[in-house]
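*Asks:* output the structure for:
(2 chains)
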Amino acid sequence: MSRLHLLVAAAGLLFLPLGVRAANRLHPTPNLQPSYLPAIDEPRDRVPFEASRVPDLARMQPAYVVIGDSMAGSRIDPVLFTRLASVRVAPLLYAGSGPAWWYLALKNWVIPSGVHPRCVFVFFRDTNLTNVMFRIESTWVLDTAARDREDDLNAVVARRRGNAFYRLRTAIERFYQAPQARRWVTPAVNQWPANLMIAYRKPRAAFLERVNERFDLGHLRPMDAADMQATEDREADFDAFVDKSELPLMLRDAAQAGLRLCFTRVQRRPEGNRPPFQSPALQRYTAKLKAYIERHGAIFLDDTGDPAQTLDWYADGDHLSREGRERYTELFVSRVRQRFP
Amino acid sequence: MIFHSLDFVVFFVVVVALYWRLPHRGQNVLLLVAGYVFYGYVHPWFLILIASSTLVDYASARGMERWPERRRLFMAASILSNFGMLGFFKYFNFFIDNLERVLRAAGLHADLPVLRVLLPVGISFYTFQAMSYTIDVFRGELRARRSLLDVAVFISFFPHLVAGPIQRASYLLPQVEGQRRFSVPAAASGFYLMVWGFFKKLVIADNVGVIANKVFALSDPSFEILWAGVFAFAIQIYADFSAYTDIARGSSRWLGFELTENFDHPYFARTPADFWRRWNISLSSWFRDYVYIPLGGSRASEWRWMRNVIVTFLLSGLWHGASWNYVLWGLYHGVLLVITRAHQILRPPKGLEPGAGRPSSFGLRQIAQTLGMFLLTLFGWLLFRETQWSAIVRDVRLTPWHSPSFDRQAGLFLFLSTLAYSIPLWAQSLCIELHRGRDAGGDHSLEGWTGAAMRAVACGTAFAGILVLRSRTSLDFIYFQF
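*Replies:* Residues are numbered from 1 along each chain as shown, chains lettered A, B, ... in the order given. This next block holds a predicted model:
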């Protein structure tokens, strides 16, 4: 075997995938709008922006707005909150959402609605607020709250993800037009077995829909649905990540709109009768996060270590049970009353 | 650092470019630095462990040679330090958890401390490799090395550092010490191995891994869905682990090293013994040489032999992880071997002499044997993948008669999806098995321009496959956790 053979293999590796570009021509895709996150995303079909949220909020004129994911959803009962506090509460909750969605919900729904609630609560776990990549790939969630351009969000994503390796990978993929190819190859490969099993399109589509439903959250084992992966210490570097996150954007936009933000850190699942373990790095991170938020005129609440929130409040993972949710809402309302009399 | 990242590709290109410009000692220094950068890339504190393991084993081996009358003491020091480290990081919480259960069963309540540190990746691999050095020196099969650098490179050689194949000191150390030359054929074959390894990991293992993860997350799987998931896991673990081995072996060849094979198309095995000659060969042979044979091996009464097999497989199961399901998996394979042996004694097989190599023919009987062994292997993977005892019991009780018709269809859909992604894997194994059947031991590699052109097409197709079919969900190599 000669050096020339090795060169031929290398040439095959580099030039044969150009066939992907040629194959793309046989599968034209519609002209798609660029993504609002071009730093990590290709042009694609998107879920429409939920514009009706803005007039809904304006009509409702809530006294409190609650933004968050299932952590907030399994803790705050908006109906009970409204009854106990005798004021309107607007929940902006999406299970599986992350800080990008929370920021977009504030920027694109709450602020344009012109409402001036007493407080906008944002629920989060540990390092969520400075981890811009947390659930950023859940695009179907983000789409609901994103405008056609989200330059500020894209900029922080690019700062966090935009290292040389990532840019190189993206450049290679774009050169070979891999994202375009994925648009027609992936469905073809994934649906091939269904095509083999079911001849007609409609029942096939219904079957695939049912397969997806078979694996939804309701069918998962409790701890697999729980999403309770512990925070890694490398994420708990506040100084390194704060300027590459949505947190400064949320604080800036809220201040400009005259809104008061309250960031509520939920307590993760206790361990027996003890509060959850917090590494020294996470404790340092939390202290810095609190100081930063308060320095920017917002409020920081921390449930961690609250002796009232015992393990029997919890269902799976960090989620509270239905009873726990009621008790949490009662506790939360009493705290809110003290702070916003 | 992980293989399937661009960081590794750039790191590897830089290391290779520098490596061949250096003299032999400089190459070893570079390999040591590269190994430590590779291992400490994300968690630098891991380096304390590998460095201390290296120092203790180097000093123990030197001590054994310097003071032969105290060699047991030095061996004990090496065993204690390696197993102590492994036990502390890997098995401490397992021990505490089980102790708490026993105390609770006895009506006692204890709040025992729990270790809150990350399990250092690959700790089971490099401690076993380091142990092979001191054990071989203890047995007098290897002389202790004077050069700490050589021993450190042997332990921290980055291509196989975190997931094997585990190399014996007697095999790898001479390569560390000897002069190495760049060889085009070795580099070319290494290149193919790496491309194939990346394809197996990114396209096959990660895509079918998503199916397996979904099925094993279900609280109410049906028989068909569960076994489609087990099939997906079987493909995932083989594609994933053998991909790591291929990338490790391929990258080693670029550095002038040759690592041993770790897989030999294990799903074409026909008996449990055959399976273990083909699956994770480096670990199997480690247990054979350092546990099974010292226990007496097969040169003992049938009962003692059975005990030796069961003990070896229980330990091998426990090596994989601190959980009872791994022990059960080991026990299951041990029992399979014992049953096969008993069957062979009662009914000597035709065409498969005990101890002989694999049969060369590939007829109906052999196909049935292969299928049967694959089904037995699948059951083993169920025990391996399910970490909860209650889930194993539930899975075993599932029958095909009670499944809703939709679940039957869904199971078939998942099975076909897995099959579609794994076609290249099966095709490769089948080609090699058929070739082996025709001419055992023959070299069937295509030479000349035809071979070069075919390899170029294979490389290009694999790279195009990686670009387009790479899973959006990037999973860690499974064996990292062990």
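*Asks:* excluding residues flanking it in the chain, which one is nearest the residue nearest the centre of chain A?
*Replies:* Nearest to the geometric centre of chain A sits residue A:98, at 2.1 Å (Cα atoms, centre = their mean). Excluding its sequence neighbours, the residue lying closest to residue A:98 (Cβ to Cβ, 6 or more residues apart in numbering or on different chains) is residue A:135, at 3.1 Å. The way it works is simple: take the backbone N, C-alpha and C, and place the C-beta from them, glycine included.
*Asks:* who touches the one you found in this structure?
*Replies:* A:69, A:96-98, A:100-101, A:141 (Cβ atoms under 8 Å, 6 or more residues apart in numbering or on different chains).
*Asks:* would you mind checking these for buried ones?
*Replies:* With burial judged by 16 or more other Cβ atoms under 10 Å in any protein chain shown, the buried subset of the contacts of residue A:135 is A:69, A:97-98, A:100-101, A:141.
*Asks:* which residue ranges of the stretch 151-300 of chain A form strands?
*Replies:* Shown for the stretch 151-300 of chain A, the strands assigned by DSSP state E, counting those that start in this stretch span residues A:261-265, A:299-302.
*Asks:* for burial, what's the neighbour tally of the closest residue to chain B within the stretch 151-300 of chain A?
*Replies:* Closest approach between the stretch 151-300 of chain A and chain B, counting by Cβ to the nearest Cβ: residue A:193, at 3.4 Å. Neighbour count for residue A:193, taken as other Cβ atoms under 10 Å in any protein chain shown: 18.
*Asks:* pLDDT below threshold where in the stretch 1-150 of chain A?
*Replies:* Applying pLDDT under 70 to the stretch 1-150 of chain A flags residues A:1.
*Asks:* buried set for stretch A:319-332?
*Replies:* For stretch A:319-332, a neighbour-count test (16+ other Cβ under 10 Å) marks A:319-320, A:324-325, A:327-329, A:331-332 as buried.
*Asks:* biggest helix in chain B, by residue count?
*Replies:* Looking across chain B with DSSP state H, the single longest helix is helix B:405-438.
*Asks:* just the contacts of residue A:135: which are in helices?
*Replies:* Per DSSP H, helices hold the following members of the contacts of residue A:135: A:100-101, A:141.
*Asks:* shouldn't residue A:263 be in contact with residue A:124?
*Replies:* Yes - counting by Cβ atoms under 8 Å, residue A:263 touches residue A:124, with 6.5 Å between them.
*Asks:* circling back: quick check, the residue nearest to residue A:98 in a strand?
*Replies:* No - counting by DSSP: H, G, I helix; E, B strand; the rest coil, one finds residue A:135 to be coil, located in no strand.
*Asks:* ok, now how distant is it from chain B?
*Replies:* In this structure, residue A:135 and chain B are 14 Å apart, going by Cβ to the nearest Cβ, to the nearest Å.
*Asks:* picking up where we left off before, distance to residue B:466 added to the contacts of residue A:135, as a markdown table?
*Replies:* As requested, these are arranged in a markdown table below (distance: Cβ to Cβ, whole Å):
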| residue | distance to residue B:466 |
| --- | --- |
| A:69 | 33 |
| A:96 | 28 |
| A:97 | 31 |
| A:98 | 28 |
| A:100 | 28 |
| A:101 | 31 |
| A:141 | 28 |
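*Asks:* need the residues of the stretch 51-200 of chain A near chain B, please.
*Replies:* A:137, A:165-166, A:168-169, A:172-173, A:176, A:178, A:181-182, A:185-186, A:189-190, A:192-194, A:196-197 (Cβ under 8 Å from any Cβ of the partner chain).
*Asks:* could you pull up the residues touching residue B:261?
*Replies:* Counting by Cβ under 8 Å, 6+ apart, residue B:261 has contacts B:165, B:245, B:249, B:281.
*Asks:* among these, which two are most distant?
*Replies:* Farthest-apart pair in the contacts of residue B:261 is B:249 and B:281; separation 12.1 Å (Cβ to Cβ).
*Asks:* which residues do those two both contact?
*Replies:* Residues touching both residue B:249 and residue B:281 (Cβ under 8 Å, 6+ apart) are B:165, B:261.
*Asks:* which residues sit against the lengthiest helix in chain A?
*Replies:* Counting residues, the longest helix found in chain A (DSSP H) is helix A:178-197. When contacts are defined by Cβ under 8 Å, 6+ apart, helix A:178-197 is touched by residues A:20, A:23-24, A:27, A:29, A:42, A:44, A:173, A:204, A:207-208, B:409, B:412-413, B:416-417, B:420-421, B:467-469.
*Asks:* and with 6 Å instead?
*Replies:* Helix A:178-197 has contacts (Cβ atoms under 6 Å, 6 or more residues apart in numbering or on different chains) with A:20, A:24, A:27, A:29, A:42, A:204, A:208, B:413, B:416-417, B:420, B:467-468.
*Asks:* what about residue 10, how many neighbours?
*Replies:* Since no chain was named, I'll use chain A. Under the neighbour criterion other Cβ under 10 Å, residue A:10 is assigned a count of 15.
*Asks:* looking at chain B here, not the other one
*Replies:* By other Cβ under 10 Å, 13 other residues sit near residue B:10.
*Asks:* and chain A, which of the contacts of residue B:261 contact it?
*Replies:* With the criterion set as Cβ under 6 Å from any Cβ of the partner chain, no member of the contacts of residue B:261 is near chain A.
*Asks:* of these, which belong to helices?
*Replies:* Mapping those onto helices (DSSP H) picks out B:245, B:249, B:281.
*Asks:* among the residues you listed, who's most crowded?
*Replies:* residue B:245 leads the ones in helices among the contacts of residue B:261 on contacts (other Cβ under 10 Å) with 27 neighbours.
*Asks:* doesn't residue B:264 make contact with it?
*Replies:* No - applying Cβ atoms under 6 Å as the test, residue B:245 and residue B:264 come out as separate, 10.9 Å apart.
*Asks:* mind listing what residue B:174 touches?
*Replies:* So residue B:174 contacts nothing (Cβ under 6 Å, 6+ apart).
*Asks:* got the phi and psi for it?
*Replies:* For residue B:174, the backbone dihedrals (degrees, to the nearest 10) come out as phi -60, psi -30.
*Asks:* from residue B:395, how far out is residue B:378?
*Replies:* Distance of residue B:378 to residue B:395, computed by Cβ to Cβ, to the nearest Å: 12 Å.
*Asks:* chain neighbours aside, what residue packs nearest to residue B:381?
*Replies:* In this structure, residue B:381 finds its nearest non-sequential neighbour in residue B:234, 5.0 Å apart by Cβ to Cβ, 6+ apart.
*Asks:* that neighbour: what secondary structure?
*Replies:* When classified by three-state DSSP, residue B:234 comes out as helix.
*Asks:* okay, now it: neighbour count?
*Replies:* Neighbour tally, residue B:234, other Cβ under 10 Å: 24.
*Asks:* now it: how far from residue A:215?
*Replies:* Residue B:234 sits 20 Å away from residue A:215 when distances are taken as Cβ to Cβ.
*Asks:* next: residue A:309.
*Replies:* Look at residue A:309 and residue A:215: by Cβ to Cβ, they are 31 Å apart.
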